[in-house]
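S.K.: Got a predicted structure plus its sequence, pasted below:
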Amino acid sequence: MAQTASVEGTQDFWRVFTTDSVKVELYQQEQYLAQGLDAAQRALGSDYAAILQGLAMLVIQADVIAARKVELCMQYARDHDFEPIVALPFVMEPQMTAATWRFQFDMATDDSLELCDLYCAKSESLLVILADRSRDRTIPASLRLAELKGPSAPERRTERNLRTVLGATNQIICAVHCSDEPLDILRETAILLPDRLLDLFVEIADVVDRGIRPDIDEKVAAVYRSTPRHDMDVDHAVARLLSRLPRHGADPREGDAMERLRENLPAWQRRERLLSWPMFSQDLRSVGIDPHSWDALLVASEYVEYDRVGGTKTLAYSGHAEWEADRGRLLAP
């Protein structure tokens, strides 16, 4: 979809999409919000804002697909009164990760940024739109699902969070992504599906207005066919990497890399030191192991330093209390 100018609107206009005025100001400086808003209005008609408040966007990422846990993810959604209505496969390229989390990546280290890019683009993801079938809704569907999803940091999750249920590995390989508010749905769909944005909202309209249901099971089967199975256990990944190391280096550089890996892999498991991604990836290449393999990404994402000391996020916002305090304007379903 061609770029459009940033959209303008009154404060009251934006209250149906978010309670965060800073978020509105930041998103208005990009083209994505305007593109998403245009597609939603064209496809969904005059009730588009009310429809959006009843929808959530869930990105089921490459690790869930490789671990064959998409059905578990979908069942969790249904158990919490979310009905999957549209699903589209896509590859989350590095420019998409940079744009999606532009205002949350301020504090990330270079290593974690690169690993996030590699993980997100490892294979296809599945973008799923879900309709909230719960009663007496007091917050938008997107915010309710985002809270159920749980934080990226494992130590901050509860056993009921979706990421816990899926066994999300760590702060980088974290299974799923959700749009926090309707405003984020508009922006992020434009980022993730730039060439299929209007098609997505037309598919949503087909379900909402005309009762046409796409075959989501076939979409899941298709991404399974395109993605080799792999377990997401970090300890297993460490063991597999150690088992693949040659006994003797063919040359001094390979020998040095082999010795470093034999020493570092167990030390990282014991949390004695942090992993340096440039050195780890180079050592793997030196001994003939693909640093972009699942095992390498699992290990690196577990033991790398995630955040810069003293870093802060431009946007770090949940919004639940603000919506329930009527700072947002919830429309009738």
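M.R.: Looks like it came in fine.
S.K.: Checking residue 59 next. Helix, strand or coil?
M.R.: Using DSSP: H, G, I helix; E, B strand; the rest coil as the criterion, the local structure at residue 59 reads strand.
S.K.: The stretch 1-150 of the chain: helices as residue ranges?
M.R.: 11-14, 21-28, 32-44, 48-53, 62-66, 70-79, 94-100, 110-120, 141-149 (DSSP state H, counting those that start in this stretch).
S.K.: of all those helices, which lies closest to residue 231?
M.R.: helix 62-66 (8.2 Å; Cβ to Cβ). The C-beta positions use only the backbone N, C-alpha and C, and glycine is treated the same way.
S.K.: still on that earlier bit, let me have the helices of the stretch 1-150 of the chain in JSON lines, adding mean pLDDT as columns.
M.R.: Listed next are these as JSON lines, based on pLDDT from 0 to 100:
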{"stretch": "helix 11-14", "mean pLDDT": "88"}
{"stretch": "helix 21-28", "mean pLDDT": "94"}
{"stretch": "helix 32-44", "mean pLDDT": "97"}
{"stretch": "helix 48-53", "mean pLDDT": "97"}
{"stretch": "helix 62-66", "mean pLDDT": "98"}
{"stretch": "helix 70-79", "mean pLDDT": "98"}
{"stretch": "helix 94-100", "mean pLDDT": "97"}
{"stretch": "helix 110-120", "mean pLDDT": "98"}
{"stretch": "helix 141-149", "mean pLDDT": "96"}
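S.K.: so of these, which one's packed in deepest?
M.R.: Stretch with highest mean neighbour count among these: helix 62-66 (a mean of 25; mean count of other Cβ atoms under 10 Å).
S.K.: Now find how far off-centre that one is within its chain.
M.R.: 12 Å (Cα atoms, centre = their mean, to the nearest Å).
S.K.: Look at residue 2 and report its pLDDT.
M.R.: As predicted, residue 2 sits at a pLDDT of 41.
S.K.: before we move on, what about residue 250?
M.R.: 66.
S.K.: ok so, going back, closest to residue 194 out of the helices of the stretch 1-150 of the chain?
M.R.: Here helix 32-44 is closest among these (Cβ to Cβ), at 7.9 Å.
S.K.: Quick check: which of the helices of the stretch 1-150 of the chain is nearest to residue 158?
M.R.: Distance to residue 158, taken as Cβ to Cβ, is lowest for helix 141-149 among the helices of the stretch 1-150 of the chain, at 10.0 Å.
S.K.: Can I get the closest one in PDB? Just the C-alpha atoms.
M.R.: Extracted C-alpha coordinates of helix 141-149, given in PDB (Å, rounded to 0.1, in the frame of the first residue of the first chain):
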ATOM      1  CA  ALA A 141     -10.200  -6.700  23.400                       C
ATOM      2  CA  SER A 142      -6.600  -6.000  22.300                       C
ATOM      3  CA  LEU A 143      -5.600  -4.800  25.800                       C
ATOM      4  CA  ARG A 144      -7.300  -7.800  27.500                       C
ATOM      5  CA  LEU A 145      -5.400 -10.300  25.300                       C
ATOM      6  CA  ALA A 146      -2.100  -8.300  25.800                       C
ATOM      7  CA  GLU A 147      -2.500  -8.700  29.600                       C
ATOM      8  CA  LEU A 148      -3.300 -12.400  29.200                       C
ATOM      9  CA  LYS A 149      -0.200 -12.800  27.100                       C
END
